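[1] I would like the atomic coordinates for the input below:
(chains A and B)
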Amino acid sequence: MKRSTQWLGTASALALAAAPTLAAAAPVGTAANSDISNSVTVSYNVGGVAQTPITSAADVFKVDRKIDLVVTTQDTSAVIVTPGQTNAVTTFRVTNNSNATIDFLLAATQQVGGTARFAGNDTADAANVRVYVETNGMAGWQAGDSLANSLAAVASGDAVTVYIVSDVPVGMTQGQQATVILTATAASGATAVGGTPAGTAGTGGTAISQTPVGTANGKNTMETVFADAQAEAQTGDGNKDGRHAARSDYRVDTAQLAVAKYSRVVSDPFSGAASPRAIPGAVVEYCIVVQNTSTTVNATSVSVSDTVDAATLTSVTAPTIGGTFNGTDTCTGGSGGAWTSTAGGIYQYSVGTVNANSTSLVRFQATIR
Amino acid sequence: MKSHHIIAAACAAVLASGLTAPAAAQAAVALKGDVKVVRQVTENGRTSEKLEDPNQVLPGDQLVFTTRYTNGGNERVDDFVVTNPLPAPVKLAKVDSFEVSVDGGKSFGALAALKVSGADGKPRAAELGDVTHVRWRVASIAPGASGEVKYFAEVR
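    Residues are numbered from 1 along each chain as shown, chains lettered A, B, ... in the order given. As a prediction, this is how the structure comes out:
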């Protein structure tokens, strides 16, 4: 027990170095509420005599608060899921490009139809959609990251990793996609979640309002101005509305296996291999083709069960696994593999892994009684 | 000669208290600073620049700082030198007919001729962002005459 604890400690320390929770960066622009104070000093002569230099009164005004944020997905293609999978993870990043430290409200929503983020369309919805903030310093989502509905006190220029974690309904079928949207809204009043790094997970908070257009602007007051861009149309985000959003997709892709069995007579006791006929004593070669039509997911631990009719066939040989299929009836190549036979002529062959978009073969021979 | 001294000193005292030229006294030089935000305004497809009061100022905004001077005295003012330290949150937006300093006001010259110590410790050509002060020289101001000096800057 002690040993395993130490191991965990070591692993997380390593991950911490590799994947900082918070990407700290230089502040974006002059901090809001800073004063800009300008004054000049003048020296001059009158009648050839230097006069006491004079300094003008300082002209002072405040830099206002510019609210700007960007949400991006860190996924580069749809996240592949299987029906019934729990805790499927899409990854986002929220960057504070404001000139002030602010909070963000986080919301995960589902897209309703339309073009998906990466390819194809949104055709289904995920379930149990939650928002987590990266807080444990280990790359990727773990249950130890923080379930949160806001980010508290993100400094100007900093970026935080946020995950949308969902369950995949059992009813989702091959190729269906569920697009999720992460929206971050500039806010204030969020409370940091205890035990998390500064500038990450928070709870509560209320959206910041822009200083209304009609309000008299004060030279010496800090106004709030929205400067954020508009995100993709499907997110419903607007231009300069104090929020920004990004999307990512879940796509169901499971191993899709198809199996077919081919046979050919390879020799008979009279003509040999020259022109064999399926007569008693002839040797028949069987080829079982296992095809995985999934484009992305490998099938592992595949085994093929084949029943040989003991009334008509005998002398079943050891199989070869793998090799190539000529498309009609002939397998070649392959190498020996594990197999078992049980009563009733049931043969079980271990094919192992069938990669996405590829086939594997089982080849054996039997003799006609 | 001595009286001039007294007048100048009185004037400086008044200015320091934040007022412009006093009504009664014979003021020598009065200064008045002003700052505006330069907005690009597009109307009917034509873009023009418009100056606004600095009520709403955000990083990246262009500012123009102006100092007006008036010789309120009855003698000519010579060798008039206006030194303006740049406020820390702004950087010079363009060079103009003034000298600049990149060393906190110790030395002045044309920006192109100045060098600063780079990140690697070696001298490199000074850039707009390195400017700490600007300075104008006006040879003389006739009694009652006025003028203005200005520089453009960008909020960092």
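[2] Indicate the residue of the stretch 151-300 of chain A located nearest to chain B.
    Taking Cβ to the nearest Cβ, chain B has its nearest neighbour within the stretch 151-300 of chain A at A:Asn217, 3.1 Å off. (Glycine included, C-beta is placed from N, CA and C.)
[3] how many other residues sit next to that residue?
    The local packing of A:Asn217 (other Cβ atoms under 10 Å in any protein chain shown) involves 15 other residues.
[4] For it, give me its contacts.
    A:Thr211, A:Glu223, B:Asp53, B:Asn55, B:Gln56 (Cβ atoms under 8 Å, 6 or more residues apart in numbering or on different chains).
[5] May I ask which two of those are separated the most?
    Greatest spatial distance among the contacts of A:Asn217 (Cβ to Cβ): A:Thr211 and B:Asp53, at 15.2 Å.
[6] In terms of neighbours, single out the busier of these two.
    Remark: of A:Thr211 and B:Asp53, A:Thr211 carries more neighbours, 19 against 13, as counted by other Cβ under 10 Å.
[7] That one touches A:Gly242, doesn't it?
    No: between A:Thr211 and A:Gly242 there is no contact under Cβ atoms under 8 Å: 11.6 Å.
[8] Check the gap between A:Gly345 and A:Ile279 for me.
    From A:Gly345 across to A:Ile279, the span is 21 Å (Cβ to Cβ, to the nearest Å).
[9] whoops, I mixed them up, A:Ile288
    To A:Ile279, A:Ile288 is 24 Å away according to Cβ to Cβ.
[10] Can you pick out the residue with more neighbours from these two?
    A:Ile288 (23 against 12).
[11] Quick check: closest non-adjacent residue to that one.
    In this structure, A:Ile288 finds its nearest non-sequential neighbour in A:Val362, 4.2 Å apart by Cβ to Cβ, 6 or more residues apart in numbering or on different chains.
[12] who does that neighbour bridge with?
    In this entry, A:Val362 is beta-bridged to A:Ile288, A:Ile321, by DSSP bridges.
[13] now do B:Arg68
    Beta-bridge partners for B:Arg68, by DSSP bridges, are B:Lys32, B:Glu148.
[14] My read is that A:Ile368 contacts A:Pro276, right?
    No: between A:Ile368 and A:Pro276 there is no contact under Cβ under 8 Å: 10.6 Å.
[15] Overlap in contacts, the two.
    A:Ala282, A:Val283.
[16] Please report phi then psi for A:Thr235.
    Main-chain dihedrals, A:Thr235, degrees, to the nearest 10: phi -80, psi -10.
[17] how about it, what does it touch?
    Counted by Cβ under 8 Å, 6+ apart, A:Thr235 has contacts A:Ile181, A:Thr183, A:Ala245, A:Ala246, A:Arg247.
[18] can you put the residues you listed in TSV and add secondary structure, pLDDT and neighbour count?
    As requested, the contacts of A:Thr235 are arranged in TSV below (DSSP: H, G, I helix; E, B strand; the rest coil; pLDDT from 0 to 100; neighbours: other Cβ atoms under 10 Å in any protein chain shown):
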residue	secondary structure	pLDDT	neighbour count
A:Ile181	strand	97	26
A:Thr183	strand	97	21
A:Ala245	strand	97	24
A:Ala246	strand	97	25
A:Arg247	strand	97	26
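[19] Would you mind measuring from the residue lying closest to A:Ile102 once chain neighbours are set aside to A:Gln210?
    Nearest non-adjacent residue to A:Ile102, counting by Cβ to Cβ, 6+ apart: A:Ala186, 5.4 Å away. The gap separating A:Ala186 from A:Gln210 is 9 Å, by Cβ to Cβ.
[20] Overlap in contacts, the two.
    A:Ile67, A:Phe226, A:Gly242.
[21] Show only the entries of these found in strands.
    A:Ile67, A:Phe226 (DSSP state E).
[22] Adding neighbour count, pLDDT and distance to A:Tyr349, write the shared contacts of A:Ala186 and A:Gln210 out as TSV.
    Output for the shared contacts of A:Ala186 and A:Gln210, formatted as TSV (neighbours: other Cβ atoms under 10 Å in any protein chain shown; pLDDT from 0 to 100; distance: Cβ to Cβ, whole Å):
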residue	neighbour count	pLDDT	distance to A:Tyr349
A:Ile67	27	95	64
A:Phe226	21	94	65
A:Gly242	25	95	62
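[23] May I have the residues that are in contact with the closest residue to chain B within the stretch 1-150 of chain A?
    Residue of the stretch 1-150 of chain A nearest chain B, by Cβ to the nearest Cβ: A:Gly29 (2.5 Å). Residues in contact with A:Gly29 (Cβ under 8 Å, 6+ apart) are A:Lys66, A:Asn99, A:Ser156, B:Leu58, B:Pro59, B:Gly60, B:Val155, B:Arg156.
[24] Of the residues you listed, which is the nearest to A:Asn136?
    Nearest to A:Asn136 among the contacts of A:Gly29, counting by Cβ to Cβ, is A:Ser156 at 24.5 Å.
[25] The closest one contacts A:Thr30, doesn't it?
    No: using Cβ under 8 Å as the test, A:Ser156 is too far from A:Thr30 to be in contact (9.7 Å).
[26] list residues touching both of these two?
    Each of A:Asn99 lies in contact with both A:Ser156 and A:Thr30 under the rule Cβ under 8 Å, 6+ apart.
[27] tell me the residue furthest from the middle of the chain?
    Here I'm looking at chain A. Using Cα atoms, centre = their mean, the residue of chain A lying farthest from its centre is A:Gly47. It sits 78.5 Å away.
[28] Chain B, not that one
    Centroid-distance maximum for chain B: B:Asn44 at 34.2 Å, with Cα atoms, centre = their mean.
[29] pLDDT at it, what is it?
    Model confidence at B:Asn44, expressed as pLDDT, equals 80.
[30] ranges for the strands of the stretch 251-369 of chain A?
    Counting by DSSP state E, counting those that start in this stretch, the stretch 251-369 of chain A has strands at residues A:257-267, A:283-292, A:299-307, A:313-314, A:320-321, A:324-325, A:331-332, A:335-336, A:339-342, A:346-354, A:358-368.
[31] how near is the residue in chain B that chain A sits nearest to to B:Tyr69?
    Closest approach of chain B to chain A (Cβ to the nearest Cβ) occurs at B:Pro59, with a separation of 2.5 Å. According to Cβ to Cβ, B:Pro59 and B:Tyr69 sit 31 Å apart.
[32] Report how many residues lie close to residue 101.
    No chain specified, so I'll use chain A. Residues lying near A:Thr101 (other Cβ under 10 Å) number 18.
[33] Let me rephrase: I mean chain B.
    So B:Ser101, with other Cβ under 10 Å, has 22 neighbours.
[34] For it, list each beta-bridge partner.
    With DSSP bridges applied, B:Ser101 shows beta-bridge pairing to B:His133.
[35] So which bits of chain A are right by chain B?
    Chain A has residues A:28-30, A:34, A:36-49, A:51-59, A:61-64, A:66, A:99, A:216-219, A:223, A:225, A:227 near chain B, with proximity defined as Cβ under 8 Å from any Cβ of the partner chain.
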